[in-house]
Structure formats: structure tokens, C-alpha cells
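*Asks:* From the sequence below, what's the structure:
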Amino acid sequence: MAEIKSFLTENKVFVTVGSACFLAFSFLLYTYAPRDGHYEVDSSAYERVAHEFVKTGSIQEPDRTSPIHTQGYHFFLGMIYLILGTDLWKVISIQVLLALLSIFLTAQTAFLLCGVACARIVFVLGLMSGAFFVYPQFILAETLLLFLVTLFFERCAQFYCTKKRTYLMQAGFMLGLSVIVKPTALFFPLGLAVCFFALSRFVTLSVGWSDYAYFCAAFYAPIVWYVIRNGLIFGFYRISFLAEGGLYHWFHAVILAQLQNEPVLKVLSDLGKMGDTHYTTFQQEYWAPLKTAFFTTCLAHPFVVLKLYLQNISKTFFGLYSVQLQLLFDPNMRGNVVPFHEIQGGFIGQLYNYFAWAFRNPYVGSLMLFEAVMNGFKWFLGAWGIVSWYQKKSYELLVFFFCVIGCFSAVTGFYGAGRYRILFEPLLLILAAQGILNLYKIYKKR
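*Replies:* Numbers count the residues shown, from 1 in each chain. Okay, the predicted model is just below:
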């Protein structure tokens with residue numbers, strides 16, 4: 001991409017040294033972690049479909065049942081297996097390179113929006129962010145998703161600077177592809193329309209509704225194709241049934257566990273028996289009893305539901321990426337990570353017990369402590385970055401960033417985790433870098 005060279009050309013030595021450090025650290029992580037550590041709970045489903053693709057050319061389960069997840073990452077993994085073979089190191093290597101490309105794209109976005117100084121800071125912050133160096137080590141969809149989203153941000157920045165609709169449509173198409181990997185951004189166009197309509201009441205926008213129409217056309221093109229494909233193969237015209245499982249089963253179980261003071265797994269088992277067994281989990285009718293029970297609970301206990309919803313979003317905002325390294329070096333702990341909110345005691349006691357658990361592995365514990373401190377600084381500096389853009393009257397950028405962060409975090413209120421923050425981590429890094437520059441300017445004026 002010629003546009004990326006505009007940042008790289010001015011910082012060849014800087015970028016080369018940083019990239020070498022990133023690749024070396026990634027190599028060390030892969031070398032010293034046990035092979036089983038690279039597999040998470042969801043990895044088996046990805047691998048199963050990928051192997052089936054190599055054998056038959058079909059992206060579906062071996063028993064031909066309908067998928068509950070979108071299958072973009074299954075296809076990505078299957079193509080690697082088909083072309084390069086099924087060696088784990090080949091998948092991890094490609095994901096590490098995609099993560100490095102994602103850092104470049106984030107830095108390029110900062111370069112276009114804020115200048116070279118901000119881009120250099122973003123590049124350094126990206127190299128240190130667990131969003132980029134932790135998840136490539138796992139057979140998980142996060143790295144591919146992060147690459148598509150950062151490409152979306154970079155194309156949006158190109159459009160913002162040039163107002164060429166080609167870039168805008170490329171941005172929409174990349175975000176649409178990300179929905180086929182994970183449907184987090186499915187309702188983003190709606191949020192974008194609401195935010196910019198509200199902003200247009202107060203300021204004159206540099207974009208119009210015709211631009212929005214072009215964006216939506218490109219965004220929905222791959223999604224419509226995927227829905228039609230599901231209809232022809234599986235008989236249902238929709239993205240997936242992940243929302244039903246997450247909302248009516250998992251989130252409802254968390255609510256009931258809180259209300260009844262029972263283990264979540266027991267409540268999950270009980271709720272699983274409520275589905276209409278005349279249908280499969282891939283049919284709307286199966287979920288009807290669970291849906292009715294869920295909304296009955298929500299209406300009876302709205303404040304408990306709101307509390308748990310906000311608690312899940314707080315996990316997304318403040319959760320640590322490096323906690324995943326506990327699983328990388330200790331595969332037996334898969335599914336048994338200790339959530340901070342479930343530790344008993346006051347806040348100080350929770351912190352102490354959480355890091356006591358983390359430092360069972362001193363190296364991982366040290367990284368988790370470093371990330372926790374860096375997260376605090378990142379949010380503080382991000383607030384200063386917002387102040388800086390507000391002072392510059394960069395209202396469109398602020399609203400766009402707010403819309404992305406708001407839409408991508410709101411959908412995690414039903415199941416929160418730090419790894420879901422990777423979708424807007426690049427924007428947080430840009431805001432933090434802008435905050436650093438803003439504070440530096442204040443310091444220089446004294």
C-alpha cells in the first residue's frame with residue numbers, strides 16, 4: 001500500500017528496530033510455551049471446520065450441522081491448512097505478521113489524522129500492547145478480526161483526509177468482512193447514523209448522507225452474501241445464532257446465578273433444558289421459551305440486569321490482555337481463569353488476591369502488573385487526547401471515535417472480557433498518544 005509507506009519512509013530505522021523486537025519477542029513466546037497452550041476453548045471448533053475444509057472444500061461441521069458462530073476465521077484457518085499445511089507454527093507466524101501489519105495500520109491512521117509525532121508514539125504503544133502480541137499466539141479469531149478493523153480505521157482516515165469515496169467503500173467492505181469473523185460490528189452503521197445525525201444539528205459536517213449510503217452498501221455486501229450462503233446451505237437466512245446463545249442462555253444464567261446465589265454452570269444446565277427440543281438450537285422456535293423466561297427475569301429485576309450489564313462492559317474496558325498468557329503457559333487452566341469481579345473482599349483485597357493468583361507464574365504476573373499500570377495511564381492520557389481534539393474542534397473525529405468505542409463495547413454487556421477491547425484498542429492508543437503530545441505542549445509552555 002503506497003499510503004502506508006508515507007509513515008514508514010520517514011521512520012525506516014525506527015520501524016525496523018521496533019518490528020524486529022516485536023518479532024523476536026513473539027518468537028520467544030512461541031518457543032517457550034507448550035504446544036497445547038496455543039489452544040483455547042473455541043479453538044477446537046475452528047480446527048474441526050478447517051480440517052473439514054481441507055478434506056471436502058466445505059466450510060461447515062463434519063456432521064453438516066448448522067454453525068452457531070460466523071465462519072470467517074474457520075475459512076482463514078482452512079486456507080492456511082490447505083496451502084501451507086497444518087503445522088501450528090505456520091498459523092502462528094501468519095497471525096504474528098498480521099498483528100504487526102495491524103500496528104502499522106494503526107500508526108498510519110494516527111499519521112493521517114494527527115501527524116508523524118503521534119504516529120511514532122502509537123507505534124511504540126502498539127508494540128507494547130497485549131492486543132497485538134498476545135492473541136497471535138492462539139488459534140483464535142481475534143488477530144484476524146483486529147487486522148480487518150485496523151484496515152477499516154486506516155481506510156476511514158484516508159477518506160477523512162481526501163474525501164474520496166473509494167476509500168470509504170473499502171472501509172465499509174473491510175468492516176463488513178469483520179462481521180463474518182465476529183458479528184460485533186453488525187449494528188455499527190445504525191449507531192453511526194444516530195451519532196452523526198445528532199452532531200449535524202450543531203455543526204456543519206464534511207460528509208453527507210450520500211457518503212453514508214455508499215458506506216452501507218459496501219458494508220452490507222459481504223454480509224448479505226454470507227446470509228444468502230447460510231440460507232442455501234443450512235436453510236436459515238441469518239448471520240448466526242450466537243446472539244441467542246449469549247443473551248438468552250449465558251447472560252440469563254449469570255443473572256439467575258446472582259439472584260439465586262447458585263453456580264453459573266448449574267444454572268446454565270437448568271436453562272439448557274428449557275429449549276423446545278422439537279427444534280434444533282439453530283431454529284428460532286428452540287429459543288422461544290428461553291426468550292420468554294429471559295425477558296420475564298429482566299422485567300422483574302431490572303436493576304440487577306443493569307448492574308451485571310455494566311459490570312461486563314467494565315470487564316471489556318479494564319480487563320487485561322496478558323491474563324491470556326496464564327493459559328498459554330498453563331494449558332490445564334483453560335476455562336478456569338479467575339475473574340476479578342468474582343474475588344471476595346473489598347477492592348484492595350480483590351487486587352491483592354488477583355495478583356497473588358497472577359504471580360503463580362512470576363513472568364506472566366509481572367506482565368499483568370505492567371499492563372494494569374499502563375491501562376491506567378492509557379485511559380488518563382486518552383482523556384487528555386479527547387480534551388485536545390475538543391479544543392481543536394475536531395468534532396467529527398471525536399464523534400466517530402465515540403461511536404466506535406460505544407457500539408463495540410455495548411454489545412459486550414452480555415458477556416464481557418478484556419479481549420473484546422481489541423476492536424477499539426487502536427483508537428485508545430491514538431487518543432493516548434494525542435494526550436501525551438497535549439501534556440507535553442502544556443509542559444513546554446511553562
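
*Asks:* Any regions of the stretch 101-250 of the chain where pLDDT drops low?
*Replies:* Across the stretch 101-250 of the chain, not a single residue meets the criterion (pLDDT under 70).

*Asks:* longest helix in the chain, by residue count?
*Replies:* Looking across the chain with DSSP state H, the single longest helix is helix 362-391.

*Asks:* Buried residues, that one. List them.
*Replies:* 364-365, 367-368, 371-372, 374-375, 378, 381-382, 384-386, 388-389 (16 or more other Cβ atoms under 10 Å). Just so you know, the C-beta spots here come from the backbone N, C-alpha and C atoms, and that holds for glycine as well.

*Asks:* what's the distance between it and the middle of its chain?
*Replies:* Distance of helix 362-391 from the chain centroid (Cα atoms, centre = their mean, to the nearest Å) equals 18 Å.

*Asks:* buried sites along the helix or strand following it?
*Replies:* Using DSSP states H and E, the helix or strand that follows helix 362-391 in sequence is helix 395-410. For helix 395-410, a neighbour-count test (16+ other Cβ under 10 Å) marks 396-401, 403-405, 407-409 as buried.

*Asks:* What is the very next helix or strand once past helix 395-410 packed up against?
*Replies:* Once helix 395-410 ends, the next helix or strand along the chain (criterion: DSSP H and E) is helix 425-445. When contacts are defined as 3 or more Cβ pairs under 8 Å, 6 or more residues apart in numbering; DSSP states H and E, helix 425-445 sits against helix 88-114, helix 116-128, helix 142-162, helix 362-391, helix 395-410.

*Asks:* now helix 425-445 against helix 142-162, angle please.
*Replies:* In terms of direction (axes from the mean of the first three to the mean of the last three Cα atoms, to 10 degrees), helix 425-445 departs from helix 142-162 by 60 degrees.

*Asks:* Pull out the buried residues from helix 425-445.
*Replies:* Those would be 425-439, for helix 425-445 by 16+ other Cβ under 10 Å.

*Asks:* and that helix with helix 362-391, angle?
*Replies:* Using the same axes, to 10 degrees: helix 425-445 against helix 362-391 is 70 degrees.

*Asks:* Just the C-alphas of helix 425-445, formatted as CSV.
*Replies:* Extracted in CSV, the C-alpha atoms of helix 425-445 (Å, rounded to 0.1, in the frame of the first residue of the first chain):
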residue,chain,number,x,y,z
GLU,A,425,-7.8,-0.6,21.2
PRO,A,426,-6.2,1.1,18.2
LEU,A,427,-8.4,4.2,18.8
LEU,A,428,-7.5,4.2,22.5
LEU,A,429,-3.8,4.2,21.6
ILE,A,430,-4.3,7.1,19.2
LEU,A,431,-6.1,9.1,21.9
ALA,A,432,-3.4,8.3,24.5
ALA,A,433,-0.7,9.4,22.1
GLN,A,434,-2.6,12.6,21.4
GLY,A,435,-2.9,13.1,25.2
ILE,A,436,0.9,12.7,25.6
LEU,A,437,1.5,15.3,23.0
ASN,A,438,-1.1,17.6,24.6
LEU,A,439,0.6,17.3,28.0
TYR,A,440,4.0,17.9,26.5
LYS,A,441,2.8,21.1,24.9
ILE,A,442,1.4,22.2,28.2
TYR,A,443,4.7,21.4,29.9
LYS,A,444,6.7,23.3,27.2
LYS,A,445,4.6,26.4,27.7
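
*Asks:* what does it rub up against?
*Replies:* With contact meaning Cβ atoms under 8 Å, 6 or more residues apart in numbering, helix 425-445 is reached by 102, 105-106, 109-110, 113-114, 117-119, 121-122, 125-126, 129, 131, 146, 149-150, 153, 377-389, 401, 404-405, 421.

*Asks:* can you check stretch 57-64 too?
*Replies:* Stretch 57-64 has contacts (Cβ under 8 Å, 6+ apart) with 48-49, 52-53, 66-67, 71, 74-75, 78, 233-234.

*Asks:* Just name the closest of those residues to Phe159, please.
*Replies:* Phe75 (27.6 Å; Cβ to Cβ).

*Asks:* Leaving out sequence neighbours, find the closest residue to that closest one.
*Replies:* What sits nearest to Phe75 in space, not counting adjacent residues and going by Cβ to Cβ, 6 or more residues apart in numbering, is Ile59, at 5.3 Å.

*Asks:* what's the neighbour count on that neighbour?
*Replies:* Neighbour count of Ile59, defined by other Cβ atoms under 10 Å: 17.

*Asks:* three-state assignment of it?
*Replies:* Applying DSSP: H, G, I helix; E, B strand; the rest coil to Ile59 yields a three-state assignment of coil.

*Asks:* Got phi/psi on it?
*Replies:* phi -90, psi 80 (degrees, to the nearest 10).

*Asks:* and what of the one 10 residues further on?
*Replies:* Main-chain torsions, His69, degrees, to the nearest 10: phi -100, psi 160.

*Asks:* quick one: it and Ala243, what's the gap?
*Replies:* Distance check for His69 against Ala243: by Cβ to Cβ, to the nearest Å, it reads 11 Å.

*Asks:* Give the residue from the two that has the larger number of neighbours.
*Replies:* Neighbours of His69 and Ala243, each counted by other Cβ under 10 Å, are more numerous for His69; the result is 20 against 15.

*Asks:* What about the residue nearest to Gly18 when sequence neighbours are not counted, how many residues nearby?
*Replies:* Closest residue in space to Gly18, ignoring its immediate chain neighbours: Leu127 at 5.3 Å, by Cβ to Cβ, 6+ apart. When counting by other Cβ under 10 Å, one arrives at 17 neighbours for Leu127.

*Asks:* Hmm, Leu127 is touching Val15, no?
*Replies:* No. The criterion here is Cβ atoms under 8 Å, and Leu127 misses it with Val15 at 10.1 Å.

*Asks:* What does the pLDDT read for Gly275?
*Replies:* Listed pLDDT for Gly275 reads 78.

*Asks:* And Ala2, by the same measure?
*Replies:* We note a pLDDT of 41 for Ala2 in this prediction.

*Asks:* I'd say Thr101 and Phe147 touch.
*Replies:* Heads up, residue 101 is Leu, not Thr. Yes. Using Cβ under 8 Å, Leu101 is in contact with Phe147, at 6.3 Å.

*Asks:* out of those two, which sits in the more crowded spot?
*Replies:* Counting neighbours by other Cβ under 10 Å for Leu101 and for Phe147 shows that Phe147 has the greater number, 22 against 17.

*Asks:* Distance-wise, check that one relative to Thr86.
*Replies:* Counting by Cβ to Cβ, the gap from Phe147 to Thr86 is 22 Å.

*Asks:* State the distance from the residue nearest to Phe75 to His74.
*Replies:* According to Cβ to Cβ, Ile59 stands 6 Å off from His74.

*Asks:* neighbours of the nearest residue to Lys291 once chain neighbours are set aside, just the number please.
*Replies:* Nearest residue to Lys291 in three dimensions, chain neighbours excluded: Tyr248, at 5.3 Å (Cβ to Cβ, 6+ apart). If you count neighbours by other Cβ under 10 Å, Tyr248 ends up with 23.
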